[in-house]
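S.K.: Sequence below, structure please.
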Amino acid sequence: MALSASSVFEVRTVGDDTNGGGFVTGASGTDYSQQDAKNTAGSNISTTDAVGNGTTTITSATASFTSAIVGNIIYLQGGTGSLAAGRYQVTTFTNSITIVVDRIVAAGTGITMNIGGAVVSLGILGSSTATILVVGNRIWIKSGTYTISSATINISGGCFSTTSSVAIEGYNSTRGDLGTKPILQVGAGVASATVINFTSLYGYVKNISVDGNAQTASKGINLDSGGICYACKALNCINGGFQSTVNSAQFILCSATGCATTPAFNALNCYGCVAFSNTVTGFSTSSAGISSYRNCISYSNTGATTDGFNTNSNQSQLINCVAYGNGRQGFRMDFGPAVYINCIAENNTAWGFSHNGNDPGLRLQNCAGYNNTSGNVDIGTGNLTWNFGFITGSASFFTAPGSGDFSLNNTAGGGASARAAGILGVFPEGLTTGYLDVGAAQHQDSGGGGGEHSNVF
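M.R.: Numbers count the residues shown, from 1 in each chain. Presented below is the predicted three-dimensional model:
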């Protein structure tokens with residue numbers, strides 16, 4: 001037997017990795033994990049006199065068990081037997097000296113039993129025999145800065161890796177508030193750390209900051225087999241902020257800055273993401289899969305070979321993206337076929353939209369360009385290449401690009417020419433008409449409302 005799929009864990013900067021750290025949602029007991037420290041007084045007390053008899057039963061002469069303990073995940077270690085340290089779910093309250101847990105506890109006396117309190121590191125909750133994560137488990141991390149003291153996975157102070165489809169979410173004061181993100185920061189001298197690594201299809205990471213601290217070969221979040229990364233931020237991750245080589249992985253409303261050797265987003269699917277102030281390309285992929293970038297912004301990424309977007313996968317689709325002030329091309333197409341729809345390239349050091357070679361099937365539809373040093377468009381003359389509806393600006397399209405605001409201004413020849421100029425316009429059959437803007441951000445008409453998660457960053 002393993003921990004329940006409804007198990008929920010708590011991580012806090014003032015916790016301890018030998019605390020219980022979790023509770024089973026829906027259980028009849030009292031959740032002791034949403035507190036800083038383990039229980040030391042009253043009832044359900046942490047003790048060093050627990051006894052295991054080789055079954056699922058645990059006894060203690062001093063713990064003063066009550067029914068409130070049911071559903072809590074307790075931490076057991078040590079004693080006279082061969083017990084391996086680990087976390088166990090309390091399934092049954094028997095009496096004041098006896099409880100039943102989810103699986104067999106090795107026989108021994110003098111076992112340390114810690115009840116309640118949050119843990120202090122995400123790494124201790126990774127997939128291992130110490131925690132037995134299963135599909136559906138959830139981990140909450142309270143706002144604060146957590147130091148990653150080792151590149152080793154799934155140890156106290158280490159990096160996190162899991163093969164289970166679980167959820168990790170940061171919060172500020174109330175679970176689910178999408179408030180100030182907790183920061184998982186690689187410590188000084190720790191090399192080759194990948195802060196979070198998912199090798200599961202359905203899990204997600206939400207509202208988390210990962211800081212590589214410019215340490216050697218540091219990486220942010222890797223979705224190896226799929227999953228979603230939502231409203232996360234990667235800072236100073238030398239070997240890239242976000243990475244995945246599979247189409248089933250999605251990065252939504254994430255941002256990356258300070259990357260230096262690998263693209264900030266080395267991934268196939270990104271929506272509403274931002275890459276800025278890196279010394280490498282903002283968005284690219286090392287995979288041959290089909291890539292899709294929508295409403296993404298790549299700006300102020302420096303370096304003679306640094307592009308805003310480099311679509312080097314075999315098939316690419318970029319819709320309503322912006323490349324501004326990058327060190328080389330705004331959008332670089334290394335392979336066809338590729339289609340760019342409603343995208344803007346402005347103020348890039350080389351071309352706005354360019355090709356490497358003369359591949360067929362490079363297509364621009366209702367895109368726009370302004371003030372790119374080499375010119376706006378050079379996509380070659382390969383077979384079946386087109387450029388329809390291009391908007392050549394005579395002024396900047398954006399409100400305040402120097403401070404990262406890429407909403408459209410209303411300047412004639414600039415943002416005004418990109419408003420309601422994108423496709424879709426008229427839908428097939430001519431019965432429905434839309435008025436999409438070119439660029440990543442749609443302008444707000446008088447009386448319009450803001451987005452639900454406009455403050456996620």
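S.K.: Mind listing residues that contact stretch 98-108?
M.R.: Stretch 98-108 is contacted from outside by 1-4, 51-59, 65, 69, 74, 76, 79-84, 88-94, 111, using Cβ atoms under 8 Å, 6 or more residues apart in numbering. Every residue, glycine included, has its C-beta placed from N, CA and C.
S.K.: chain center to that stretch, what's the gap?
M.R.: 37 Å (Cα atoms, centre = their mean, to the nearest Å).
S.K.: coming back round to it: and the contacts of stretch 98-108, which are buried?
M.R.: Buried by 16 or more other Cβ atoms under 10 Å: 3-4, 51-52, 56-59, 65, 69, 74, 76, 79, 81, 83, 88-91, 93, 111, out of the contacts of stretch 98-108.
S.K.: Just those: which are in strands?
M.R.: 51-52, 57-59, 74, 76, 88-91, 93, 111 (DSSP state E).
S.K.: From residue 239, how far off is residue 181?
M.R.: 21 Å (Cβ to Cβ, to the nearest Å).
S.K.: buried sites along stretch 417-428?
M.R.: Applying 16+ other Cβ under 10 Å to stretch 417-428 flags 417, 418, 419, 421, 422, 423 as buried.
S.K.: what residue ranges in the stretch 251-400 of the chain are flagged as low confidence?
M.R.: Low-confidence segments of the stretch 251-400 of the chain, defined by pLDDT under 70: 287-288, 313-314, 335-336, 357-361, 381-384.
S.K.: Correction: the previous question concerned the stretch 1-150 of the chain.
M.R.: 1, 128-131.
S.K.: give me that answer again for 50
M.R.: Judged against pLDDT under 50, the stretch 1-150 of the chain has no low-scoring part.
S.K.: show me where it has strands.
M.R.: 7-11, 22-24, 47-52, 57-59, 72-77, 86-95, 98-101, 108-114, 138-142, 145-148 (DSSP state E, counting those that start in this stretch).
S.K.: May I see the ones you listed arranged in a markdown table, with distance to residue 405 as well?
M.R.: Shown next, in a markdown table, are those (distance: least, Cβ to Cβ, whole Å):
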| stretch | distance to residue 405 |
| --- | --- |
| strand 7-11 | 34 |
| strand 22-24 | 42 |
| strand 47-52 | 57 |
| strand 57-59 | 59 |
| strand 72-77 | 46 |
| strand 86-95 | 47 |
| strand 98-101 | 55 |
| strand 108-114 | 49 |
| strand 138-142 | 30 |
| strand 145-148 | 28 |
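S.K.: mind checking which of those is nearest residue 265?
M.R.: strand 145-148 (21.2 Å; Cβ to Cβ).
S.K.: strands paired with that closest one, and their directions?
M.R.: Strand partners for strand 145-148, identified by DSSP bridges, are recorded as strand 183-186 (parallel).
S.K.: Give the next helix or strand downstream of the partner strand.
M.R.: strand 194-198 (DSSP states H and E).
S.K.: residue boundaries of the strands in the stretch 301-450 of the chain?
M.R.: 309-311, 315-319, 322-324, 331-333, 338-341, 344-346, 351-355, 362-365, 368-370, 375-378, 386-388, 391-392, 398-400, 405-408.
S.K.: Can you add mean neighbour count and give those strands back as a markdown table?
M.R.: Listed next are the strands of the stretch 301-450 of the chain as a markdown table, based on neighbours: other Cβ atoms under 10 Å:
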| stretch | mean neighbour count |
| --- | --- |
| strand 309-311 | 27 |
| strand 315-319 | 21 |
| strand 322-324 | 29 |
| strand 331-333 | 30 |
| strand 338-341 | 23 |
| strand 344-346 | 29 |
| strand 351-355 | 27 |
| strand 362-365 | 23 |
| strand 368-370 | 26 |
| strand 375-378 | 17 |
| strand 386-388 | 12 |
| strand 391-392 | 16 |
| strand 398-400 | 19 |
| strand 405-408 | 18 |
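S.K.: Relative to residue 269, tell me which of these wins on proximity.
M.R.: Per Cβ to Cβ, nearest to residue 269 of the strands of the stretch 301-450 of the chain: strand 315-319, 10.0 Å.
S.K.: Who are the packing partners of the closest one?
M.R.: Here strand 315-319 touches strand 290-294, strand 338-341, going by 3 or more Cβ pairs under 8 Å, 6 or more residues apart in numbering; DSSP states H and E.
S.K.: Fine by me, thanks again.
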